[in-house]
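[1] What follows is a predicted structure for the sequence shown.
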Amino acid sequence: MLHAMPTDAPRHDALNRTPNIPDPDGFYEELIESQRLLSDDEAQLMNCKLILLLANHVGDRAVLTQALKAAGGAGK
């Protein structure tokens with residue numbers, strides 16, 4: 001028997017755009033500090049790697065597509 005999900009249950013196929021990082025200023029500072037000694041090319045490569053690691057963690061293609069569009073990617 002299938003159980004209906006409550007209407008207030010989080011959807012796993014929707015991009016969460018509400019603040020969700022504890023200590024966002026601290027995270028931003030950590031991100032900036034992690035690139036302080038890198039060249040622009042090295043920082044760009046690190047950002048690409050970070051994006052791919054986090055995309056793999058999310059794992060949901062529909063959410064990733066929504067994120068690309070929200071970030072201003074092609075096909076917006």
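    Cool, the structure landed.
[2] The most centrally placed residue in the chain sits in which helix or strand?
    Centroid check for the chain by C-alpha atoms, centre = their mean gives residue 54 as the closest residue, at 6.1 Å. Residue 54 belongs to helix 40-58 when assigned by DSSP states H and E.
[3] For that helix, which helices and strands make contact with it?
    helix 61-70 (3 or more C-beta pairs under 8 Å, 6 or more residues apart in numbering; DSSP states H and E). Heads up, the C-betas are built off the backbone N, CA and C, glycines and all.
[4] If I take the helix it packs on and helix 40-58, what angle do their directions form?
    For helix 61-70 and helix 40-58, the angle between their directions (axes from the mean of the first three to the mean of the last three C-alpha atoms, to 10 degrees) works out to 140 degrees.
[5] Buried residues of helix 61-70, list them for me.
    Buried residues in helix 61-70, counted by 16 or more other C-beta atoms under 10 Å: 63, 66, 67.
[6] just checking, the last one touches residue 15?
    The reference is to residue 67. Yes. Counting by C-beta atoms under 8 Å, residue 15 is a contact partner of residue 67 at 5.5 Å.
[7] what comes into contact with the helix holding residue 54?
    Identification of contacts with helix 40-58 by C-beta atoms under 8 Å, 6 or more residues apart in numbering yields 34, 35, 38, 64, 67.
[8] Make CSV from those and add distance to residue 48 and pLDDT to it.
    Output for the contacts of helix 40-58, formatted as CSV (distance: C-beta to C-beta, whole Å; pLDDT from 0 to 100):
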residue, distance to residue 48, pLDDT
34, 14, 98
35, 12, 98
38, 13, 98
64, 15, 96
67, 15, 95
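[9] Show me where this protein dips below the pLDDT cut-off.
    1-12, 75-76 (pLDDT under 70).
[10] rerun that using 90 as the cut-off
    When residues are selected by pLDDT under 90, those of the chain lie in 1-13, 73-76.
[11] Count residues in the vicinity of residue 25, would you?
    Counted by other C-beta atoms under 10 Å, the residues lying close to residue 25 total 8.
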